[in-house]
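Participant: Quick one, fold the following:
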Amino acid sequence: MPRTFLKGLALTLLLGFALSASVRSAEPTITLHAKNVPLTTVLQQIATRMQVRLVAPPGLFALVTVHWDNVPCSRALQELARQCRFTYAVAQGQLRLTLVPAIPPVANTTTPVNRPNERATYGVVSASPKDKSGGCYYPMQEKEEDEFRRPAGEFNTESYAHQEENPFLAAQTNPLSTFSIDVDTASYANVRRMLALGQKPPKGAVRLEELINYFNYDYPDPEGGVPFSVTTESAACPWAPKHTLLSIGVQGMRVPNKQLPPRNLVFLIDVSGSMQPANKLPLLKQSLMALLQTLDARDRVSIVVYAGSSGLVLQPTSGARKDAIRESLARLEAGGSTNGASGLELAYKTAQATFQKNGINRVILCTDGDFNVGTTSQSDLVQLIEEKRKSGVFLSVLGFGMGNYKDSTMELLADKGNGNYAYIDSLNEARKVLVEQGGGTLMTIAKDVKLQIEFNPAKVGGYRLLGYENRMLRSEDFNNDKKDAGEIGAGQSVTALYELIPPGEPIPDSKVDALKYQKPAATSGGGEIATVKVRYKAPDGDVSKLLEFPVSQAAVAFEKASTNLRFSTSVASFGMLLRESAYKGDTTYAQVLQWAESARGDDREGYRAEFVKLVQNAASLASGR
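Facilitator: Residues are numbered from 1 along each chain as shown. Have a look, this model is predicted:
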């Protein structure tokens, strides 16, 4: 055989191997170390690396632990699919997942797919909740598994309250805008969960105020012995050039966790059959164990469970006895129907029996909200909670899971229980709510907090409050101390945004003819555009106090506004796009991204960076990529 032919053959083979290696090296890789996080969160990271859109079925429930260092995305997908029992296909810019039908039923337990000692340098570690290493598991009953196999439209019974957006109002005829504050954050975490699954959130799930108030803002601390400060700012409106924005920021006094008063906590835990999936009871137990790390001997913890009936599984126990509390949590198993009312009765009774004067007395309800036996109507549950809050025991609600999630019920219960409402979609969110921001979640610094803004018609032709639709109050409610309103916790901030129309400009939604006998707007108030009034009560008080803050700042260009205003505006615009709001103007996701990225500020926790990724996911979903 000629030597030149052999040389040519060798060169061809070398070039072939080099080309093959080049193709392999071009494959995207992922580096990720995470413990006990939702499977969909990891899959979204892979999809982002592959520059495709994740499309996952609603029934894909799992918690996973991954340890990847520069692992090819295809290899990571193969491991996840094998361990967590799904198939996948990558085509037309999508990573589309399908559940494997034959998932063996497991009743009242969780079963490991592999043993923890099978850890590799890449891949997933699978374990039951008893193993500290985390896991990938599907705790389901056979009935629930059958439901998850159906098309999404046939089994998804999630419930969200319908809300009509606040309209524009004329300042001449409606000078007062009155509402209750809202420190809930559940809507943001729930929307994040849906977008991670490649699902468009229903409009009722998107509450602008909860999206905005998910984030901390750099407002000044209060002074002069009041529990919170109020900061106002005005800037041009980026989606309506002739309009301006008015930002009102309320900052609660900050209290370090070590300085919190003694805590009397009753965990009211739903252990009904609907709580079996991994993103419900297993995640719930891990979340409460994270909270335990912040407790000490001054604190008392009790555990009440409810399904078809209720029971006290942990008597009031010192926070120093963490092992006893952990053991009680670890023994919890799910099964049966859901009688929430009987559990609430017992939880309040337990909290009242160990009431801490000058301390934190709180029932923490952990559930998917699917009450189906006993007292199930919202009105009856509300009446029960309104009566119990008079004892000084407040109610916080933590929501878990999906498919049968009852958002509308849980938001209402927390509101009427003088507490707050959060949605837990991951262990990281649990740490944020219960550990990092535990003071705000548990310690109330002011209750029945109401805001009333009086607009000067000489400076403001019309206005619209962005969000807070289910927190609106009548003008006369502001001075009525019997009217319930929202609470604010230690270190929490509340932001309200108004879109203002200058005098002489047309007011959208205005369907009333000009009034014949009304006098033109007076010029009183000088340069003031509005006055912000705040009423609040001490946590154990019955008589409100009044604060007033005149607003006279001239609107600056949007680009020159503070990071607080620009970032909150980007979040509000994001919510309006998700809701397909009639007031979104010509805003695009690209603009929202630009505003958010330029206003990250001191993002030590990374929550604003996460928001940027969330907007990118929503933009991909909207474009069909």
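
Participant: Tell me which helix or strand in the protein has the weakest average pLDDT.
Facilitator: Every helix and strand of the chain was ranked by mean pLDDT, DSSP states H and E. The lowest is helix 142-149, at a mean of 29.

Participant: and Asp296, which of the three is it?
Facilitator: Classification of Asp296 by DSSP: H, G, I helix; E, B strand; the rest coil places it in coil.

Participant: now Leu547
Facilitator: Classified using three-state DSSP, Leu547 is strand.

Participant: Phe549 and Val66: what is the separation?
Facilitator: Counting by Cβ to Cβ, to the nearest Å, the separation of Phe549 from Val66 is 49 Å. For glycine as for every other residue, the C-beta is placed from the backbone atoms N, C-alpha and C.

Participant: same thing with Leu412?
Facilitator: Where Val66 is concerned, Leu412 sits at a distance of 38 Å (Cβ to Cβ).

Participant: Also Ile364?
Facilitator: 30 Å.

Participant: can you check Asp218 too?
Facilitator: Asp218 is 34 Å from Val66, by Cβ to Cβ.

Participant: mind checking the longest strand of the protein?
Facilitator: Assignment by DSSP state E gives strand 444-455 as the longest strand of the chain.

Participant: Go ahead and produce CSV holding the CA coordinates of that one.
Facilitator: Provided in CSV are the C-alpha atoms of strand 444-455 (Å, rounded to 0.1, in the frame of the first residue of the first chain):
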residue,chain,number,x,y,z
THR,A,444,-45.8,42.4,64.3
ILE,A,445,-44.7,46.0,65.0
ALA,A,446,-48.0,47.7,63.9
LYS,A,447,-51.5,46.4,63.1
ASP,A,448,-54.4,47.8,61.1
VAL,A,449,-52.1,49.9,59.0
LYS,A,450,-54.1,52.1,56.5
LEU,A,451,-52.9,54.6,53.9
GLN,A,452,-55.0,57.5,52.6
ILE,A,453,-53.6,59.7,49.9
GLU,A,454,-55.3,63.0,49.2
PHE,A,455,-54.5,64.4,45.7
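
Participant: That one: what's the following helix or strand?
Facilitator: Helices and strands here follow DSSP states H and E; after strand 444-455, the next one along the chain is strand 462-465.

Participant: which residues touch that following strand?
Facilitator: 166-171, 177, 179, 246, 455, 472, 496-501, 505, 507, 510, 583 (Cβ atoms under 8 Å, 6 or more residues apart in numbering).

Participant: CA atoms of that strand as CSV?
Facilitator: Coordinates of each C-alpha in strand 462-465 appear next as CSV, following Å, rounded to 0.1, in the frame of the first residue of the first chain:
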residue,chain,number,x,y,z
GLY,A,462,-56.2,61.7,37.6
TYR,A,463,-54.5,58.8,39.3
ARG,A,464,-54.4,55.0,39.4
LEU,A,465,-53.1,52.7,42.2
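
Participant: So which of Asp218 and Val66 has more stuff around it?
Facilitator: Val66 (23 against 14; other Cβ atoms under 10 Å).

Participant: Could you look up the SS state of the more buried one?
Facilitator: Going by three-state DSSP: Val66 is strand.

Participant: start the count at 56, not 1, going forward
Facilitator: Sounds good: first residue 56 from here, last item Val121.

Participant: Low-confidence ranges, the stretch 256-405 of the chain, go.
Facilitator: Low-confidence segments of the stretch 256-405 of the chain, defined by pLDDT under 70, are located at 363-364, 391-395.

Participant: what about the helices in it?
Facilitator: 263-267, 336-347, 377-385, 395-408 (DSSP state H, counting those that start in this stretch).

Participant: isn't Leu497 right up against Gly474?
Facilitator: No - with contacts counted by Cβ atoms under 8 Å, Leu497 stays clear of Gly474, the gap being 9.1 Å.

Participant: tell me, what's touching the two both at once?
Facilitator: 417, 451.

Participant: Nearest to Leu676, out of the helices of the stretch 256-405 of the chain?
Facilitator: helix 263-267 (16.5 Å; Cβ to Cβ).

Participant: Tell me which helix or strand Val626 sits in.
Facilitator: Counting by DSSP H and E, the element that carries Val626 is helix 618-634.

Participant: I would like the C-alpha coordinates for that helix, written out in PDB, please.
Facilitator: Taking C-alpha atoms only, helix 618-634 is exported to PDB below (Å, rounded to 0.1, in the frame of the first residue of the first chain):
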ATOM      1  CA  THR A 618     -32.900  52.200  42.300                       C
ATOM      2  CA  ASN A 619     -35.900  51.700  44.600                       C
ATOM      3  CA  LEU A 620     -38.400  53.400  42.200                       C
ATOM      4  CA  ARG A 621     -36.800  52.000  39.000                       C
ATOM      5  CA  PHE A 622     -36.700  48.400  40.300                       C
ATOM      6  CA  SER A 623     -40.200  48.400  41.800                       C
ATOM      7  CA  THR A 624     -41.500  49.900  38.500                       C
ATOM      8  CA  SER A 625     -39.900  47.100  36.600                       C
ATOM      9  CA  VAL A 626     -41.600  44.500  38.800                       C
ATOM     10  CA  ALA A 627     -44.900  46.300  38.400                       C
ATOM     11  CA  SER A 628     -44.500  46.300  34.600                       C
ATOM     12  CA  PHE A 629     -43.700  42.600  34.700                       C
ATOM     13  CA  GLY A 630     -46.900  41.900  36.500                       C
ATOM     14  CA  MET A 631     -48.900  44.000  34.100                       C
ATOM     15  CA  LEU A 632     -47.500  42.100  31.200                       C
ATOM     16  CA  LEU A 633     -48.300  38.700  32.800                       C
ATOM     17  CA  ARG A 634     -51.900  40.000  33.500                       C
END
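
Participant: which helices and strands does that helix pack with?
Facilitator: helix 263-267, strand 283-291, strand 299-307, strand 548-556, helix 644-652, helix 662-678 (3 or more Cβ pairs under 8 Å, 6 or more residues apart in numbering; DSSP states H and E).

Participant: contact partners of the shortest one?
Facilitator: Helix 263-267 is contacted by residues 237, 239-243, 246, 521-523, 526, 550-552, 623, 626-627, 629-631, 634 when judged by Cβ under 8 Å, 6+ apart.

Participant: among the residues you listed, which ones are buried?
Facilitator: 237, 239-243, 246, 521-523, 526, 550-552, 623, 626-627, 629-631, 634 (16 or more other Cβ atoms under 10 Å).
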